[in-house]
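>>> predicted model follows, preceded by the sequence.
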Amino acid sequence: MTATIRLTGYAHGGGCACKIPPGELEAVVAGLVGDQAPQGPGELLVGLDDGDDAAVVSIEGGTAIVATADFFTPVVDDPYDWGRIAAANALSDVYAMGGRPVVAVNLLAWPREVLPMDLAASVLRGGLDIAREAGCHVAGGHSVDDPEPKYGMAVTGLADPTRLLRNDRGRPGLPLTLTKPLGIGVLNSRHKATGEPFPHAVEAMTTLNRAASEAALAAGAECATDVTGFGLLGHLHKLARASGVTAIVDSAAVPYLDGAREALHDGFVSGGTRRNLDWVRPHLASGPVDENELLLLADAQTSGGLLIAGEIPGYPVVGELIPYDGHTLRVR
C-alpha cells in the first residue's frame with residue numbers, strides 16, 4: 001500500500017518553495033534586528049542582521065559554533081529520498097558559513113492517522129544516511145502530530161571564527177561562482193503535478209555542499225551563501241545588500257538541470273518562485289532579459305549549491321560584484 005502513496009499530494013507546497021515569502025519574513029523579524037544581543041557565553045559573530053545562512057558564536061579556544069535549523073514539506077514522493085534531501089539541505093547552512101557539521105537532531109511533523117508510520121521511518125533513515133555521509137552525529141530530535149508532513153534537522157557545527165564564509169563580505173571586483181545548476185524548483189513542481197521522477201534532480205539535491213565549502217575556504221573566499229528557497233536572485237540580493245555592492249549575473253553562464261527550461265515552458269512554476277521575483281524586482285536592472293529567464297533565476301531551489309564571491313576551481317563563474325550603482329542586482 002505505501003508504495004502507491006504520493007507524499008507531495010499531502011503538502012500545499014514542496015520543499016523550500018513552501019517558505020514564507022522573503023519580504024513577509026523580513027517584516028516579521030524586523031523588530032528583532034539591531035538590538036543589543038542577550039548576554040551569554042562567547043561572542044555572537046553572525047545573527048539576524050543580514051539574514052545569513054546560520055548563527056555563529058565564537059567561544060573559547062579559537063572555535064566558533066555554527067547553529068541552524070531547516071525543515072519543509074515533501075518535495076518528492078519517495079520518503080527515503082525526501083529524508084536525504086531535507087538533511088542535505090539543513091547541513092548546507094553549516095557548509096555555507098565555512099563550517100563542518102558535528103551533531104544534528106531530527107524535526108518531524110507527521111499526520112499519524114493519515115500516513116503510515118513506516119513512511120516516517122523511511123524519511124528518518126534517509127536523513128540519517130546523509131548525516132553519516134557528512135560525518136555528522138544524529139542524536140534524537142522532536143516530533144509532533146501534524147496535518148501536513150514536514151521533516152528537517154537542527155544542526156550544530158564548528159568553524160574557525162577567522163575563516164568564516166559570510167554574506168556581508170563581498171567586495172567589488174570579485175567573480176561569482178555557482179556550485180550546482182539551477183532548475184530544481186521547476187522540476188520538483190512538475191514532479192508534484194505529474195508524478196514524473198527526475199533522478200538527476202534528486203542527485204543534485206542530495207549532493208552535500210561539503211566539497212564546495214572546502215574548496216571555497218582553500219581558495220581564500222570570505223563571502224558565500226547557499227541558493228535555496230529564495231532563488232539565486234533572492235539570495236544574491238541579500239548578499240549584495242549586506243555587502244554594499246551590486247551583483248551582476250551573466251544569464252548565459254548560469255547552468256541548468258536538463259529539462260528545467262521545458263518545465264518552465266510547460267508552466268510548472270511555483271508560487272514561491274513568482275514571489276521571489278516580485279520581491280527582488282524593485283532592486284533589479286534586467287535590460288533585455290526576458291521574464292522566463294528571470295523566473296528561472298528566481299526559481300525556488302531545494303538543497304541548491306553555494307554561491308561564492310571568488311573564483312573556485314571546477315565550478316562555473318556566473319557573474320561578478322561591482323561597486324554599488326543604485327541596484328543590488330543586474331542581469332545581462
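Here it is on my side, so go on. Numbering: from 1, shown residues only.

>>> surely residue 183 touches residue 254?
No - between residue 183 and residue 254 there is no contact under Cβ atoms under 8 Å: 9.7 Å. The way it works is simple: take the backbone N, C-alpha and C, and place the C-beta from them, glycine included.

>>> any residues in contact with both of these two?
residue 296 (Cβ atoms under 8 Å, 6 or more residues apart in numbering).

>>> more neighbours, those two?
Of the pair residue 183 and residue 254, residue 183 is the one with more neighbours under other Cβ atoms under 10 Å, namely 27 against 19.

>>> so what's the residue count around residue 220?
Counted with other Cβ under 10 Å, residue 220 comes out at 8.

>>> okay, it: pLDDT?
Predicted confidence (pLDDT) for residue 220: 97.

>>> go on, residue 48?
73.

>>> where do the helices sit along the stretch 101-250 of the chain?
Counting by DSSP state H, counting those that start in this stretch, the segments of the stretch 101-250 of the chain that form helices are 117-134, 184-194, 199-206, 210-218, 231-243.

>>> quick check: mean pLDDT across the shortest one?
Right, helix 199-206. Computed over helix 199-206, the average pLDDT equals 98.

>>> okay, angle between it and helix 117-134 too, please.
Angle of helix 199-206 versus helix 117-134, following axes from the mean of the first three to the mean of the last three Cα atoms, to 10 degrees, is 60 degrees.

>>> where exactly do the strands run in the stretch 151-300 of the chain?
Along the stretch 151-300 of the chain, the stretches classed as strands by DSSP state E, counting those that start in this stretch are 175-178, 224-226, 245-249, 284-285.

>>> just for the stretch 1-150 of the chain, where's the confidence low?
Applying pLDDT under 70 to the stretch 1-150 of the chain flags residues 1-3, 13-23, 25-38, 50.

>>> rerun at 50
1-2 (pLDDT under 50).

>>> all strands of it, in order?
So, for the stretch 1-150 of the chain - with DSSP E, counting those that start in this stretch - the strands run 43-46, 55-59, 63-72, 100-110, 137-145, 150-159.
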